[in-house]
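A.B. asks: pasting a predicted model and its sequence here:
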Amino acid sequence: MEPDHPRLADQFSRPQSRRDVLKLGAALAAGGVLAPLLAACARPSPTASGTRRITVLGIGGDQMAEPALKQVYDDFSALHPGVEWDIRALTGGGPEWDRLARAAIAAGEPVDLVFINGQQVRGWIRDGLLADLTADAEMSTILERVPQQYHLGGLDEAAVRALPLAFTRGVDTTGLYYNRALLDRAGVEVPRTFDGLRASVDPLAAIGVAPLVHCSGDVFFNQMLVTWVLPMVAERTGDPIEFAERTVRGDIGYDSPEWIEALQAIADLRASGVLMDGSGATDYATMQQLLLQGQVAMTYQGTWLLPQLQAGSPTGDFDLHVAPPPMIEGASRPRPILAWTGVALPTEPGPSRDSVYAFLEYASRPEVDADIVRGLQVYSPMRESNVGIEDEVAQEFLPMFDDAITPLDWIWEPEITAELDSQVQGLVRGDTDPRAAGRAVQAVAAELRASGRSYHP
């Protein structure tokens, strides 16, 4: 989605960033013109005379292979002589990353900074592994720059334990991808509600196309169907985040009327013909091919899918766009999710925490954040930075961030997530019913509480 090199026109037309100033300053300093001034402005940390290694537990990929990210590391090191980076891109994701990162900390590795998926934050809080960012005065500026909707804590506490930046590859949300060419051929409007989805079944079937596919065969994507529907059910009577908190505390059961209604809405997508037959066994890659081949008109997915679809090879008319997630009956607004990998600090301070504070302050500066968005073409939690998003379809996602919220599956225990994934797959396949699914999840919650592993024993 992003070019290998910025357009030449951009180099002459865009405002000069701090990065540009640093480059100019370095060139002039080499000639001895501004060396005294730069030395005064750089403000190196008090220990600049010694080497300070910052050890980072990352998530996949080589940070230094991305020019926009490498530039931030290099620019910061230019301002803080003596800083060295030990960036450990842990292999795998999800449970594998969690296992490796926990092992490094348990082994006493001098970890200074962690890049953590928001879904894992509460598990780390439960096990006492993440520091309270609000307790550190040095973090106050960073916390003020990142909007509060992106501050993630847990367990009914006001503390903030993690938050995203463009530097951590930004934030993602969800929407309805659709092939406008197919909808137009069938005479179907872009569905804004579940009624609209149901109304699309017969017209699309008349041209040999299924309305919607979901990759339920990759079981961990099934949580997305819950986080699509449940917030709209809960918001009819209150705040969806508070509803999820009350469920974790045990005040509301996973077999409550609200939960059953949400699970029923998912089951009805299959029963009404909205969901393509076979979605229960469809994996992520096949889902993409079905859309590219014109066998299905729509899919509910995240911003992370866009580059893959745009790099694909359609076999027919393909006019890709995205719309807000369709609403259930009685909903006041759609509720896309806010998914991200963010920065967190281990409870046990590493040897270079002061340098980490300085680095996070630098990486969160508006001009630096905006440069990263332009370079990576990711969405920043800082709205002003997103003027750098260039792709027209990617721009269609931007208004969806206004209504987006923390995914509810980040609030309950990972064991609950795993059971929900399995039960929702059963609903998509037609192998279970909403009440049985709710009872199965409630049984897991009861077991967690009895064993002391619940977030609220």
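C.D. replies: Yep, that arrived.

A.B. asks: okay, now the unreliable bits of the stretch 351-457 of the chain?
C.D. replies: Flagging of the stretch 351-457 of the chain using pLDDT under 70 yields an empty set of residue ranges.

A.B. asks: apart from its neighbours in sequence, what residue is nearest residue 158?
C.D. replies: Counting by Cβ to Cβ, 6 or more residues apart in numbering, residue 134 is the residue found nearest to residue 158 once chain neighbours are left out, at 7.1 Å. (C-beta placed from N, C-alpha, C; glycine too.)

A.B. asks: neighbours of the one you found, how many?
C.D. replies: As a burial measure, residue 134 scores 16 neighbours (other Cβ atoms under 10 Å).

A.B. asks: what is the helix ranked longest in the chain packed up against?
C.D. replies: Ranked by residue count, the top helix of the chain under DSSP state H comes out as helix 434-451. Using 3 or more Cβ pairs under 8 Å, 6 or more residues apart in numbering; DSSP states H and E as the contact criterion, the neighbours of helix 434-451 among helices and strands are helix 257-271, helix 414-429.

A.B. asks: let me know which of these is tucked in deepest.
C.D. replies: Ranked by mean neighbour count under mean count of other Cβ atoms under 10 Å, these are led by helix 414-429, which reaches a mean of 21.

A.B. asks: now do residue 45, the pLDDT please.
C.D. replies: Residue 45 is assigned a predicted lDDT (pLDDT) of 37.

A.B. asks: quick one, what contacts the residue nearest to residue 158?
C.D. replies: 143, 158, 159, 160 (Cβ atoms under 8 Å, 6 or more residues apart in numbering).

A.B. asks: could you say which helix or strand holds the first one?
C.D. replies: In other words, residue 143. Residue 143 belongs to helix 140-145 when elements are defined using DSSP states H and E.

A.B. asks: surely residue 112 meets residue 54?
C.D. replies: Yes - in terms of Cβ atoms under 8 Å, residue 112 counts as a neighbour of residue 54; the distance is 5.0 Å.

A.B. asks: now do the shared contacts for these two.
C.D. replies: Counting by Cβ under 8 Å, 6+ apart, the common neighbours of residue 112 and residue 54 are 350, 352, 355, 356.

A.B. asks: how near is the first one to residue 160?
C.D. replies: As judged by Cβ to Cβ, to the nearest Å, residue 350 and residue 160 stand 19 Å apart.

A.B. asks: same check on the second one?
C.D. replies: Remark: distance between residue 352 and residue 160 (Cβ to Cβ) = 21 Å.

A.B. asks: now residue 135
C.D. replies: Going from residue 135 to residue 160 by Cβ to Cβ gives 9 Å.

A.B. asks: more neighbours, those two?
C.D. replies: For residue 135 against residue 160, the residue with the higher neighbour count under other Cβ under 10 Å is residue 160, and the figures read 22 against 9.

A.B. asks: report whether the more buried one is found in a helix, as I expect.
C.D. replies: No - according to DSSP: H, G, I helix; E, B strand; the rest coil, residue 160 belongs to no helix; its state is coil.

A.B. asks: check contacts around it.
C.D. replies: Residue 160 is in contact with 132, 133, 134, 143, 151, 152, 153, counting by Cβ under 8 Å, 6+ apart.

A.B. asks: repeat that for residue 76.
C.D. replies: Under the criterion of Cβ under 8 Å, 6+ apart, the contact partners of residue 76 comprise 83, 358, 359, 362, 363.

A.B. asks: so which of those residues wins on neighbours?
C.D. replies: residue 359 (25 neighbours).

A.B. asks: how much space between it and residue 243?
C.D. replies: From residue 359 across to residue 243, the span is 37 Å (Cβ to Cβ).

A.B. asks: with residue 318 instead?
C.D. replies: With distances taken as Cβ to Cβ, residue 318 is found 39 Å from residue 243.

A.B. asks: have a look at those two and say which one is more surrounded.
C.D. replies: Neighbours around residue 318 and residue 243, counted as other Cβ under 10 Å, are more numerous at residue 243. The numbers are 22 against 17.

A.B. asks: where do the helices sit along the stretch 251-400 of the chain?
C.D. replies: The residue ranges that make up the helices of the stretch 251-400 of the chain, judged by DSSP state H, counting those that start in this stretch, are 257-271, 284-292, 306-311, 353-363, 366-376, 392-397.

A.B. asks: which other helices and strands contact the second one?
C.D. replies: Applying 3+ Cβ pairs under 8 Å, 6+ apart, one finds that helix 284-292 makes contact with strand 210-213, strand 296-302, helix 306-311.

A.B. asks: same check, this time on the longest one
C.D. replies: Taking 3+ Cβ pairs under 8 Å, 6+ apart as the contact definition, the neighbouring helices and strands of helix 257-271 are helix 194-199, helix 223-234, helix 414-429, helix 434-451.

A.B. asks: where does pLDDT dip in the stretch 151-300 of the chain?
C.D. replies: Ranges of the stretch 151-300 of the chain meeting pLDDT under 70: 155-157.

A.B. asks: go with 80
C.D. replies: Residues of the stretch 151-300 of the chain meeting the criterion pLDDT under 80: 154-157.

A.B. asks: and the residue nearest to residue 158, how close does it get to residue 148?
C.D. replies: Residue 134 sits at a distance of 11 Å from residue 148 (criterion: Cβ to Cβ).

A.B. asks: for residue 291, give its distance to residue 282.
C.D. replies: Here residue 291 is placed at a distance of 11 Å from residue 282 (Cβ to Cβ).

A.B. asks: burial count for the nearest residue to residue 381 once chain neighbours are set aside?
C.D. replies: Distances taken as Cβ to Cβ, 6+ apart put residue 150 closest to residue 381, at 4.4 Å, once the chain neighbours are dropped. Residue 150: 21 surrounding residues under other Cβ under 10 Å.

A.B. asks: ok so, going back, to residue 73, which of the helices and strands packed on helix 434-451 lies closest?
C.D. replies: Distances from residue 73 to each of the helices and strands packed on helix 434-451 were compared using Cβ to Cβ; the shortest belongs to helix 414-429, at 31.8 Å.

A.B. asks: off-centre distance for the closest one?
C.D. replies: Relative to the mean C-alpha coordinate of its chain, helix 414-429 is positioned 20 Å out (Cα atoms, centre = their mean, to the nearest Å).

A.B. asks: same check on stretch 96-110?
C.D. replies: Centroid separation for stretch 96-110 versus its chain: 22 Å, with Cα atoms, centre = their mean.

A.B. asks: and what of stretch 134-148?
C.D. replies: On Cα atoms, centre = their mean, the centre of stretch 134-148 falls 20 Å from that of its chain.
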